[in-house]
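In: Next one to model:
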Amino acid sequence: MPIHLNLPPTFAQKLAEANRGLAGMWVCSGSPLVAEIAAGSGLDWLLIDGEHSPLSLESIQLQLQAIAAYPITPLVRVPVNDQVLIKQYLDLGAQNLLVPMVNSAADAEQAVRAMRYPPAGVRGVGSALARGARWNRVEGYLQRANDEYVSLTVQIETAEAVERVDEIVGTEGVDAIFVGPSDLAASMGLIGQQGHPDVVEGVRRAIAAGKAAGKPVGINAFDPKLAHQYFDEGMDFILVGADVALLARGSERLADEFIAGRAGERAEGAERASY
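Out: Numbers count the residues shown, from 1 in each chain. Modelled structure (predicted):
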């Protein structure tokens, strides 16, 4: 007797049901073990990053398999708005994709079509071969995938995207937008200056456009004070940390306490002994 499986709710469905902003973290290490640890954290969602991390298709699938045992929603960022890559990510089991550098309605439409099976899109049919449909154990996957089993979030992260944000958020099939202040600053000739008034104005404009269109809006905010501010203002989803950043800062604190700190204590003690 064949087994019929269900898939978890999509990120779009989770956002629609939420009564507060959803807190998530980046997973960039490529380690399924780290992904599993993060999955059990109690956070709402994780972002597996295929753009700025050395992740293969196989390593992404392994991380999704590790996360699947936990009540957390994974979002996966593709490295580029490419039809073939999007098909592969969906087939390996990524239900929720984040597409970077979406600068126009045409870019958004391209991503939407890559996410959907014909006639609504151009996604190739390989459900019997792929984890995305659990090897055709999800009943009616081909007929239901477009509307029920996948979600698309696009990134607004350039000055061009901010100028065209109204048409991007108005594109049918775009479920949410994610604002990227770092790349936005760079595109404005203000690299590393995310707090510059012009960058902040661009961020605010993108947020307002998403809200006006009734689309959930997310942002990256590792500064806890800023993240709390965004949540208080009604932001729908925020990345509040990253696995590699937590490890980097945590290991630095250990070095400060047990090497630099103790060296300072010894210097202080030697100075007192000289009197």
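In: Looking at the chain, which helix is longest?
Out: For the chain, the helix reaching the highest residue count under DSSP state H is reported as helix 197-212.
In: Quick check: neighbours of whichever helix or strand comes after it in the sheet, parallel or antiparallel?
Out: Later in the chain than helix 197-212, the nearest helix or strand by DSSP states H and E is strand 217-220. Using DSSP bridges, the strands paired with strand 217-220 are strand 176-179 (parallel), strand 237-242 (parallel).
In: As a markdown table, those strands with distance to Gln63 and mean neighbour count would be great.
Out: The C-beta positions use only the backbone N, C-alpha and C, and glycine is treated the same way. Formatted as a markdown table, the strands paired with strand 217-220 follow (distance: least, C-beta to C-beta, whole Å; neighbours: other C-beta atoms under 10 Å):
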| stretch | distance to Gln63 | mean neighbour count |
| --- | --- | --- |
| strand 176-179 | 19 | 26 |
| strand 237-242 | 14 | 22 |
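In: Throw the ones you listed into TSV and include mean pLDDT, thanks.
Out: Converted to TSV, those look like this (pLDDT from 0 to 100):
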stretch	mean pLDDT
strand 176-179	98
strand 237-242	98
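In: what's the distance between Arg262 and Leu254?
Out: Applying C-beta to C-beta, to the nearest Å, the value for Arg262 to Leu254 is 12 Å.
In: sorry, back to before: tell me which residues of the longest helix of the chain are tucked away?
Out: Neighbour-count burial for helix 197-212 flags 199, 202-203, 205-207, 209-211 (criterion: 16 or more other C-beta atoms under 10 Å).
In: now do stretch 101-108
Out: The neighbour-count check on stretch 101-108 (16+ other C-beta under 10 Å) flags 101-105, 107-108 as buried.
In: What about Gln88, how many residues nearby?
Out: Gln88: 19 surrounding residues under other C-beta atoms under 10 Å.
In: Could you do Glu233 as well?
Out: 11.
In: so where do the helices sit in the stretch 1-150 of the chain?
Out: Along the stretch 1-150 of the chain, counting by DSSP state H, counting those that start in this stretch, helices occupy 11-17, 32-39, 57-67, 83-91, 105-115, 141-144.
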